[in-house]
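**Student:** Below are the sequence and a predicted model for it; my questions follow.
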Amino acid sequence: MASIELSGVTKRFGKVTALDNISLEIKDKEFFVLFGPAGAGKTTILNIIAGIHMPESGVVKINGEIVNQVEPQNRDVAMVFENYALYPHLKVYDNIASPLRSPRHKKDEAYIKEAVERVAALLKIDQFLDRLPVQLSNGQRQRVALGRALVRYPNVYLMDEPLAHLDAKLRNVMRGELKMIQSNFNTTAIYVTHDFMEAMSLSDRIAVINEGSIVQVGASDEIYYLPCNEFVAQLMGDPEINLLDCEIDVSGNVYSAKFTEIDAVIELPHDADVYATLKDYGAVKLRMGLRPQNIEFSFDPADGFIQGQVYSFETIGNKSVLTVTVGGKKEVRLIAPNGLPVKLDQNIYIKPDLMQSLYFHADSSEFICRYNEAAIRALAAEKAGEE
Amino acid sequence: MSTSKKRLGSIVRHGLLGIWAIFALFPLIWMLIMTFKSEADVMTTTFIFTPTLDNYRQVLLQSDYLRFFTDSVITSVGAVLISVLLGVPAAYALARYKFKYKEGLAFQILSFRFAPELLVVLPLFMIYQRMGLHDTYLGLIWVYQLISMPLIIWVVRGYFEDISVEIEHAAQVDGYNWWQVFMKTLVPLIKPGLVSSALLAFIFVWNSFTFPLMLSGFNVSPVTVAAMRFLASHTVQYGQMAVAATISALPAVVFALLIQKHLVRGLSFGAVKG
C-alpha cells in the first residue's frame, strides 16, 4: 500500500536521455499502466521506482517520503522482470521463496511453504515446483517470475510486461486474475505493457509514454475516446485509427469536410461546440480520425457513401478487417463481419459515422475536438470518481 | 552381418585407443618403473629387474624432499587463494562496469601470460634481491600471480558476463544487500568456471619451473626445482629423481582426475541460460 510520486525525473544512459523530466503521481491502491512503444522508457521508470537506477535529477517519493537514496532492498517493492531474471541454480520453489528468505523479509519455513503453494496454485505452476528454470517454457518462467513477486505483500508491485510471453488463452485468464489479485491485495501496482488491450482492461489509469516523455495520463476511456494527439490515437486501437487529411469549408451555417486525398466532400453534422472550436481554430487544414468500427459499408451506391475498391480482407478472430482504397491511393481500414463475400478490387461504398470522428491539427497532430466531447469527459470523470 | 561389422569397428576403435594410450603414458610408466630400480639396474634393464624401495626410502626419509613438497603446497595454494580473492572482484568489475581503458586493462592482464618467463626472470631476480623477497614464500606467491591471476580473471569474467544483470537486480528487490546478492546468487553461478580455472591455475603454478629456479633458494624450494638437487656434480641419481618427479606429479594428476568432468565444461561452456 503506497502512493508513488515522481517529479522532474531525468535519466540518462551515456548520451542517451532515457527519461526526460518525467512527473507522475500514482495513487494508493491504483492499478497504473505505463503504455507505449518499445524503447519509450517504460522499463526505466520501473527501475527508477525500484531503486535499480538512480535518476540524474528529480525526486522519487514512496508514501510521501523521498527515497532517492534508499537501496532497492529497503524500498519494499516487488518486481516482475521482462526477461524473468529467475535464479538459474534454484528450483522453482526456491525462486518463489527467495524474497521470503531474504534478511529483509524473513519468514519461517512453514509460512514460506504455505505462501509458495498459494501463489503456485494461483498461477497454475504447482506441478513444476521441483524443476529448474531451464526446464520450463517461457510462459511457465514468466509465471514463476510473477509468483516471486506475488508471494509478498509489498508497497507496490512493479510488473514489466508480465504476460507478454504467455499464450493467448492463458493471457486472457491471467489478465483477469491479475486485476483480481491487485484489488484483493489492496496494493498499488504499476504495470508496463505495449498491448493496448491489456492497458485498457487492467488499468485504473494509463500513462502513455513516448521517447522518454509522458504524452498523456488518464483513464482508459479518456485515452481511447479523447487521445491528446495522433500518436496516442494510433497506439490505442487495433486495427489502427484511420487518419484522413481534410479541409474545412464553411458555407453559411454549414461546415463540411473536403478530403484532400480522396476527393470527396462530407457535410459535418451540426454541433454548436464542434463548430465553435473549429471556427476558433481558424486554419482550415486538419486531419480527421475515424476508428475502423465507425465506418459503415455497402455494396450498392447510396446517399452519403463514398466509392472505393476492396484492397484486402483479413479475418482476425471474431471479426475481419476490410481495407478499402479510396480515391485510388488512400487506404481506409474498417471492421466487417467474418465470411463477408468480397472480391478484391470490387467496388464498395463507405460512410463514416461522423459523430464518432476526431479532429487533429494537420501540422502538430494535436487533438482539437470531437463530437460529444463534453459527455465523454463527464463520463470519464464520473468513472474516475468511483475508483 | 551388422553385429560382426559393429564388433570389428569396436575392436579397431579400442585398438587405436590402446596404441594412443601406450604412446601417451609410456614415459610416465617408464618413470614409475624407474623408481623401483636400484642404481645399477637403471641403465641396464628395462622390464626385468629386482624391485627395491631404496629410492623411496632415500628420497622420503633421508632427504629434505618432504620439506620441498610442503613449500610447493604453501606457495601454490597461497598463489591460487590470492588470485581467487583478487581475481573474482576484478573479473566482476571487468564484466559489469563501464570505465575508461577497460578492454586495454583486460588485455594487459592477459598479456602477462605472453612474455617468456626467462625474459622477465632476470630483472625480477635483481629486484627481489634488493627488496628482500628473494627466497621467501611471499616472493614466490607474488610472482605466481603472473601465471594464475590472468587465467582466473578471464574465465570468471566470461561467466559474469553471461549472468544477466537483472538477476542481480531481482535479488536486490527480493531484499538482499549487495554482499548477499554476490554470495548467494553470483557465486553459485560462477562456481563451475571458478573451480576449474582455479584448479588449472594451481596445476600451472605447481609445475612452474623458471620462476622458482631463479627466485627461490635454500629456504623456500618447490619440488620442481628441488628435483634438480638429485643431479649431483658427478653422478645422476636417476632412481631418486624419478621418485621426486613421480610424487611431485601426483597432485596435478589427482586434481585433474577429480575435476576432469567439470574442467572441460567449466572452461568451455557459458554459465547460464534463461
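**Tutor:** That came through fine.

**Student:** Please, where are all the helices along the stretch 151-274 of chain B?
**Tutor:** Listed in chain order, the helices of the stretch 151-274 of chain B (DSSP state H, counting those that start in this stretch) span B:165-174, B:178-181, B:187-207, B:210-215, B:223-226, B:238-268.

**Student:** Nearest to A:Val173, out of these?
**Tutor:** With C-beta to C-beta, the closest approach to A:Val173 among the helices of the stretch 151-274 of chain B belongs to helix B:165-174: 24.9 Å. C-betas here are computed from N, CA, C, even on glycine.

**Student:** how far is that closest one from where the chain is centred?
**Tutor:** Helix B:165-174 sits 35 Å away from the centroid of its parent chain (C-alpha atoms, centre = their mean, to the nearest Å).

**Student:** The residue in the stretch 151-274 of chain B positioned nearest to chain A: neighbouring residues, count only.
**Tutor:** Of all residues in the stretch 151-274 of chain B, B:Gly175 sits closest to chain A, at 3.1 Å by C-beta to the nearest C-beta. Neighbourhood size, B:Gly175 [other C-beta atoms under 10 Å in any protein chain shown]: 24.

**Student:** re the thing from before, okay, the helices of the stretch 151-274 of chain B, which one's buried deepest?
**Tutor:** Mean neighbours per residue, mean count of other C-beta atoms under 10 Å in any protein chain shown, is largest over these for helix B:165-174, with a mean of 24.

**Student:** Now do that helix against helix B:187-207: the angle between them, please.
**Tutor:** Following axes from the mean of the first three to the mean of the last three C-alpha atoms, to 10 degrees, one obtains 120 degrees for the angle between helix B:165-174 and helix B:187-207.

**Student:** just the CA coordinates of helix B:165-174, formatted as PDB?
**Tutor:** Only the C-alpha atoms of helix B:165-174 are listed here, as PDB (Å, rounded to 0.1, in the frame of the first residue of the first chain):
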ATOM      1  CA  VAL B 165      22.300  -8.100 -14.700                       C
ATOM      2  CA  GLU B 166      18.600  -8.300 -14.000                       C
ATOM      3  CA  ILE B 167      19.300 -11.400 -11.800                       C
ATOM      4  CA  GLU B 168      21.300  -9.100  -9.500                       C
ATOM      5  CA  HIS B 169      18.500  -6.500  -9.600                       C
ATOM      6  CA  ALA B 170      15.900  -9.200  -8.800                       C
ATOM      7  CA  ALA B 171      17.900 -10.400  -5.800                       C
ATOM      8  CA  GLN B 172      18.200  -6.800  -4.600                       C
ATOM      9  CA  VAL B 173      14.500  -6.200  -4.900                       C
ATOM     10  CA  ASP B 174      13.900  -9.500  -3.100                       C
END
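
**Student:** Show me what it is packed against.
**Tutor:** On a contact count with 3 or more C-beta pairs under 8 Å, 6 or more residues apart in numbering or on different chains; DSSP states H and E, helix B:165-174 meets helix A:42-50, strand A:77-80, helix A:92-101, helix B:178-181.

**Student:** Quick one: work out the angle between that helix and helix A:92-101.
**Tutor:** Inter-element angle recorded for helix B:165-174 and helix A:92-101: 50 degrees (by the same axes, to 10 degrees).

**Student:** quick one: average confidence on helix B:165-174?
**Tutor:** Helix B:165-174 shows a mean pLDDT of 93.

**Student:** now do stretch B:78-93
**Tutor:** 96.

**Student:** Also stretch A:340-359?
**Tutor:** Computed over stretch A:340-359, the mean pLDDT rounds to 90.

**Student:** end to end, how far does it reach?
**Tutor:** Its first and final residues considered, stretch A:340-359 spans 31 Å by C-alpha to C-alpha, to the nearest Å.

**Student:** Run the chain-centre distance for that stretch.
**Tutor:** Offset of stretch A:340-359 from its chain centre (C-alpha atoms, centre = their mean): 27 Å.

**Student:** Around chain B, which positions in the stretch 1-150 of chain A sit nearby?
**Tutor:** A:47, A:50-52, A:71-73, A:75, A:77-79, A:81, A:83-89, A:98-99, A:102-105, A:133-134, A:141, A:148 (C-beta under 8 Å from any C-beta of the partner chain).

**Student:** Next, the contact list for the nearest residue to B:Leu122 once chain neighbours are set aside, please.
**Tutor:** Sequence neighbours aside, B:Met214 is the residue nearest to B:Leu122 in space, at 7.3 Å (criterion: C-beta to C-beta, 6 or more residues apart in numbering or on different chains). Residues in contact with B:Met214, defined by C-beta atoms under 8 Å, 6 or more residues apart in numbering or on different chains, are B:Val121, B:Leu122, B:Leu124, B:Phe125.

**Student:** picking that back up, need the helices of the stretch 151-274 of chain B in TSV with distance to A:Ile26, can you?
**Tutor:** Formatted as TSV, the helices of the stretch 151-274 of chain B follow (distance: least, C-beta to C-beta, whole Å):
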stretch	distance to A:Ile26
helix B:165-174	18
helix B:178-181	27
helix B:187-207	35
helix B:210-215	63
helix B:223-226	67
helix B:238-268	46
